[in-house]
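K.L.:
Quick one: sequence and predicted model below, then my questions.
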Amino acid sequence: MKINEFGQQKEPSVTAKRQLLKALQRRNASAIQTLIVHWQKILGTEQLVNLIVREVMIECDSQSHSWFIQTFLEKGRYVELEQQAQNHVWQMLVNAGLELGKDFSFGQNHEMMVSDRTQEILLHHLPENRQTFFTAQIETSIVPDPIIVIEQHLGCPFFTTLTEIASQKMRVLQNAQAAAYLGVMIAGLVQRYPELQDADFPTKFIFSALAGLPEARAMAILNDEQTAPTFNELIIFQDLLLALNDPEAHRVTAEDGGISLNQLKKLDLVWCGQQRIAEIIAVVERRYPH
């Protein structure tokens, strides 16, 4: 198939996009390969890849999207392109004033859940002739923010307070200690509430805790190479209890005898280590019945 069959326009990137979309719609592998070679010479590899990821792959239907991936890309490259596309959409929506976890959310396998407002923003960025198709394909829903739901259940601004506490810790801990603190804290919270992972809570918590630090120090903490971080859990527990407004949180130290049964029950509401705290509570109550 000759490239001219798809027509020409003055703007090279516009022409390339239109031709690729047509070839993709027809599932014509030979034409797509020819177009890629042709436009790579004109636009360059980086611009062509960005065009495919940020425009062509977003505007094509899901079946054509999957067909293109399976036909032309290795698995590793597919993951890379999917991540680029997701980052592009994320940045576009954030720039529009939307909030991750409230207005939209990325789940496993790169699926995306959006609110009605987010759908309107996405439609605004699509050509008019693609909007009807997009509306028919997208599954819209109001994404509940798990942070709000959990805080309502706890009856206090738990995550807001905990973020402030973690931010203070970042200023006094060494880089490796700070990275371990964040790793252990987040792991326990997500283990207790897996929905926090889907709402991208770990990323938001880390960047909020590091806000205000010198850039070099923040990057050093982010790039810490610990694969299995460990941190004094009594300090973690004390900070969790402080965020829960526990009046005796300051007593959670080895010198003061550790944690009371009532405090363990509070911790079970928000955190989970290698074994759930509820299991420890059950053992304690069996051994020391009231």
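P.N.:
That came in fine, so what should we check first? Numbers count the residues shown, from 1 in each chain.
K.L.:
Which of the helices or strands spans Val94?
P.N.:
Here Val94, judged by DSSP states H and E, is contained in helix 75-95.
K.L.:
does Ser66 count as helix, strand or coil?
P.N.:
Following DSSP: H, G, I helix; E, B strand; the rest coil, we place Ser66 in the helix state.
K.L.:
i'd like the first residue to be 74 from this point on
P.N.:
Shifting the count to begin at 74 puts that one at Ser139.
K.L.:
ok, it to Gln336 distance?
P.N.:
Distance, Ser139 to Gln336, by CB to CB, to the nearest Å: 51 Å. (Glycine included, C-beta is placed from N, CA and C.)
K.L.:
Between the two, tell me which one has more neighbours.
P.N.:
A count of neighbours by other CB atoms under 10 Å puts Gln336 above the other of Ser139 and Gln336, at 21 against 11.
K.L.:
what's near enough to touch the more buried one?
P.N.:
Applying CB atoms under 8 Å, 6 or more residues apart in numbering, we find Gln336 in contact with 310, 314, 319, 321-322, 325.
K.L.:
Any of the residues you listed buried? List them.
P.N.:
By neighbour count, with 16 or more other CB atoms under 10 Å, these hold 310, 314, 319, 322, 325 as buried.
K.L.:
Poorly predicted segments of the stretch 74-223 of the chain, please.
P.N.:
Along the stretch 74-223 of the chain, segments meeting pLDDT under 70 span 74-83, 135, 143, 145-162, 173-175, 177-189, 196, 198-217.
K.L.:
where along the stretch 174-323 of the chain do the strands fall?
P.N.:
With strands called from DSSP state E, counting those that start in this stretch, the stretch 174-323 of the chain shows them at 177-179, 185-187.
K.L.:
Just flag the most distant two among the buried ones among the contacts of Gln336.
P.N.:
Spanning the widest gap among the buried ones among the contacts of Gln336 are Phe310 and Asp319, at 9.9 Å by CB to CB.
K.L.:
Tell me the pLDDT of Leu246.
P.N.:
pLDDT recorded at Leu246 is 94.
K.L.:
ok, so what distance separates the closest residue to it other than its chain neighbours from Phe304?
P.N.:
Leaving aside its sequence neighbours, Leu246 sits nearest to Tyr254 (CB to CB, 6 or more residues apart in numbering; 6.1 Å). When distance is defined by CB to CB, Tyr254 is 5 Å away from Phe304.
K.L.:
quick one: which of these two has more around it?
P.N.:
When Tyr254 and Phe304 are compared for neighbours, Tyr254 comes out ahead with 22 against 17, by other CB under 10 Å.
K.L.:
Now do the contacts for the more buried one.
P.N.:
239, 242, 246, 304, 308-309.
K.L.:
hmm, 10 Å instead?
P.N.:
Contacts for Tyr254 were tallied using CB atoms under 10 Å, 6 or more residues apart in numbering; they are 239, 242-243, 246, 282, 294, 302, 304-305, 308-309, 312.
K.L.:
buried subset of the residues you listed?
P.N.:
239, 242-243, 246, 282, 294, 302, 304, 308-309, 312.
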